[in-house]
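Engineer: this is the structure alone, sequence omitted:
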Ligand code: BGC
């Protein structure tokens, strides 16, 4: 039920907004009637060509209405000037819309999106996104190319770092929060900006994890796994969608009418802008889908794209295609309408405030960044309760290439973050402990360095310290777009560095920076504790220092399955059971055995079939216990709602957060269901000894509407938890 005040606001505003949108549509119709074809095609064109300072030729083009939008272009002053020209000197005074990759923060950089997802805290992610919107809009940016909602189950793919997990439910919750964060209560507010759900669709399933590669996704899987986060973004009111680079089942997304017309427009009734990805229209030729630029222009337009990013096939070819009857004016007008609609909704026609200068980083923004970094970092191992460290430790050795690297702390897609704003782990530790208590030896120049020259100094520092902190992982340049990896181990000589430092015999803590799950089994075995920090952003250093010394408590949970080895990929928790599920004892064939004694089950002979760390996993300094699972009914009838409750108790003396996860498994169905599916989660704060009840609910429409037994779990991760069974009663 809606809270009363909210319901009242809705009642009062509904007719008003219907009136407003009718008014907008009328104004758009009037404008379209007055536009020349060139002006229409200009609106449908987005360019990067606006340099700093903005050139005379671009100014002239803006005056002529050649461009409707610029992306990743100019500085605040250039944008203000370009907008002034568009609104005062162009024939129809249509404003420009400035887009940018505001992916995980703007000037204040938050953890990479996969790291943000590890917080399982959509409210905080929404708050961080609002901060990014405030900063970006203050520099005259109106449109963020985020959230990226591509489900990915292959950590070789470099863009897994930009996504919100392997799981549609978690990604949908985060996508919704990000859309609200960018767009606020009103898109027209000066500190709101349009969000963009990308990349539509299936991009994250790139074959073999190689970026831009083809994807083959049956429609059932597309609708159950890959599309739900996009539908959630649409339901949250996202203002735009971006097409994907990949071909989906042989048809490039940028020319895919099934995706862009049938699903997005006809089924979902999306009325916003659909922008192509960067030169993706022209790339239809390389795909072998279009014969030439004109053919690419025609196919993309007819498939339902509304704005061309960077390539110029539409401006170059649509006039002739129109004359030849290969495209029609109605389709062009539809596209123009979506763009003008975005500009009206953003309040651009009503003179949004112009940028005044560079975005400033505030104390509040830093605090949000620190909190989100702390919540996103996952404690993977804590042997003998090594962490948290005691403040009475007299000396720590800080070793490794990533302890003091601002760029790597910010991660990929942080083009507006500034290294000078970053507080590194080294700086934060020096501040917390006093510089004399920190011995710093980077030992390797960067994560890929193979030179052992610095090892002796590292080992020496370790001998002189009480505890060794090893800052390992992969640099930001190794994840993100076009940065796929075939090997997922620690790059360079980092594994050897850990073995060398281990000779000092001191307790060792590993802090791993990465844009994806890495495989580092042997290194983890040598370390007492492991914190997985992703690329944690501007305030990652202080967040790490606090976690190490117990000033905050780890609460991040993996939003993605960590494989033991690349050979297990794709590996994800929501898999089907197979007809021959393996058991944990099945492994290997003893030397000389002529037959396979392990049974003919679905496994590997040379590695355990289970993951290194399961989806949802993350340790704490506190000790939580989940118990007393109760179901509102053990027989659920159609139309009924199931309520599931469980108690979570903090059995320790440390106040901390736990993320309770709600999973289901439908045991029998016409189409086999995954062994577990996430259907809810809740971050709960528990004081020492405190117990709270968490509640989740489910209606049969959340399952296939079939009868049969269903298992439910309330769990701390996808591999354990307390469970119960109920029956879905098919009687109607
Ligand atoms: C990426 C998009 C991005 C666009 C604009 C493309 O290469 O795939 O995600 O928004 O560039 O920078």
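Structural biologist: Sure thing, it's come through. Since we're looking at a predicted model, the values are computed, not measured. Numbering: from 1, shown residues only.

Engineer: could you use CA atoms for every contact and neighbour count after this?
Structural biologist: Will do.

Engineer: the nearest residue to residue 394 once chain neighbours are set aside: how many residues sit nearby?
Structural biologist: Of all residues not flanking residue 394 in the chain, residue 437 sits nearest, at 6.1 Å (C-alpha to C-alpha, 6 or more residues apart in numbering). Residue 437: 17 surrounding residues under other C-alpha atoms under 10 Å.

Engineer: tell me if I'm right that residue 437 and residue 395 touch.
Structural biologist: Yes: using C-alpha atoms under 8 Å, residue 437 is in contact with residue 395, at 4.5 Å.

Engineer: can you name the residues in contact with stretch 361-372?
Structural biologist: If you take C-alpha atoms under 8 Å, 6 or more residues apart in numbering as the criterion, stretch 361-372 is touched by 107-111, 116, 119, 124-125, 127-128, 131, 135, 537-540, 542-543.

Engineer: dihedrals phi and psi, residue 627?
Structural biologist: The phi/psi pair for residue 627 (degrees, to the nearest 10) reads phi -150, psi 180.

Engineer: oh, that last question was meant for residue 263, not what I typed.
Structural biologist: phi -80, psi -60.

Engineer: one more: residue 676?
Structural biologist: According to degrees, to the nearest 10, the main-chain angles of residue 676 amount to phi -150, psi 150.

Engineer: what's the nearest residue to the closest residue to the ligand within the stretch 501-650 of the chain if we skip its chain neighbours?
Structural biologist: Across the stretch 501-650 of the chain, no residue is closer to the ligand than residue 515, which sits at 15.7 Å (C-alpha to the nearest ligand atom). In space, and not counting its chain neighbours, residue 515 is closest to residue 161: 4.7 Å by C-alpha to C-alpha, 6+ apart.

Engineer: helices of the stretch 301-450 of the chain, residue ranges please.
Structural biologist: Remark: helices assigned in the stretch 301-450 of the chain by DSSP state H, counting those that start in this stretch are 313-323, 329-345, 363-376, 406-410, 425-433.

Engineer: report pLDDT for residue 587.
Structural biologist: Listed pLDDT for residue 587 reads 68.

Engineer: returning to what we had before: quick one, which of the helices of the stretch 301-450 of the chain is packed in tightest?
Structural biologist: Most buried of these, by mean neighbour count (mean count of other C-alpha atoms under 10 Å): helix 406-410, with a mean of 27.

Engineer: just checking, residue 211 touches residue 481?
Structural biologist: Yes: Residue 211 is within contact range of residue 481, at 7.1 Å (criterion: C-alpha under 8 Å).

Engineer: so for these two, which sits in the more crowded spot?
Structural biologist: Using other C-alpha under 10 Å, the more surrounded residue of residue 211 and residue 481 is residue 211, with 23 against 17.

Engineer: spell out which residues of this structure are next to the ligand.
Structural biologist: Residues of the chain lying near the ligand by C-alpha under 6 Å from any ligand atom: 101, 145, 277, 278.

Engineer: surely the last one and residue 284 touch.
Structural biologist: Okay, so that is residue 278. No: Residue 278 lies out of contact with residue 284 (C-alpha under 8 Å); the separation is 11.8 Å.

Engineer: show me the domain layout of the chain.
Structural biologist: Split into domains by automatic domain parsing, the chain comes to 39-98, 377-548, 574-610, 624-728.

Engineer: closest one to residue 22 among these?
Structural biologist: domain 39-98 (19.0 Å; C-alpha to C-alpha).

Engineer: quick check, nearest of the residues of the chain next to the ligand to residue 632?
Structural biologist: Minimum distance to residue 632 across these is 42.6 Å, recorded for residue 145 (C-alpha to C-alpha).

Engineer: if we ignore the residues flanking it in sequence, what's nearest residue 597?
Structural biologist: residue 589 (6.7 Å).

Engineer: in terms of pLDDT, where does residue 6 sit?
Structural biologist: Reading off the confidence values, residue 6 has pLDDT 36.

Engineer: use 30 as the first number for this chain going forward.
Structural biologist: OK, 30 is where the count begins now, so the last one is residue 35.

Engineer: where along the stretch 280-429 of the chain do the strands fall?
Structural biologist: 280-281, 302-304, 337-338, 407-411, 425-428 (DSSP state E, counting those that start in this stretch).

Engineer: run through who's touching the last one.
Structural biologist: Under the contact criterion C-alpha under 8 Å, 6+ apart, strand 425-428 has outside partners 455, 466-472, 487, 490-491, 493-500.

Engineer: chain center to stretch 82-90, what's the gap?
Structural biologist: Distance of stretch 82-90 from the chain centroid (C-alpha atoms, centre = their mean, to the nearest Å) equals 36 Å.

Engineer: and that stretch, which residues are buried?
Structural biologist: By neighbour count on 16 or more other C-alpha atoms under 10 Å, the buried set for stretch 82-90 is 83, 87, 88, 89, 90.

Engineer: equivalent analysis for stretch 568-580, please.
Structural biologist: For stretch 568-580, the neighbour count (16+ other C-alpha under 10 Å) marks 568, 569, 570, 571, 572, 573, 574, 575, 576, 577, 578, 579 as buried.

Engineer: could the residues you listed be laid out in JSON lines, adding distance to residue 94 and pLDDT?
Structural biologist: Below are the buried residues of stretch 568-580 laid out as JSON lines (distance: C-alpha to C-alpha, whole Å; pLDDT from 0 to 100):
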{"residue": "568", "distance to residue 94": "42", "pLDDT": "98"}
{"residue": "569", "distance to residue 94": "44", "pLDDT": "98"}
{"residue": "570", "distance to residue 94": "47", "pLDDT": "98"}
{"residue": "571", "distance to residue 94": "48", "pLDDT": "98"}
{"residue": "572", "distance to residue 94": "48", "pLDDT": "99"}
{"residue": "573", "distance to residue 94": "50", "pLDDT": "99"}
{"residue": "574", "distance to residue 94": "52", "pLDDT": "98"}
{"residue": "575", "distance to residue 94": "53", "pLDDT": "98"}
{"residue": "576", "distance to residue 94": "53", "pLDDT": "98"}
{"residue": "577", "distance to residue 94": "56", "pLDDT": "98"}
{"residue": "578", "distance to residue 94": "58", "pLDDT": "98"}
{"residue": "579", "distance to residue 94": "58", "pLDDT": "98"}
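
Engineer: quick one: contacts for residue 194?
Structural biologist: Counting by C-alpha under 8 Å, 6+ apart, residue 194 touches 143, 146, 180, 181, 200, 588, 589.
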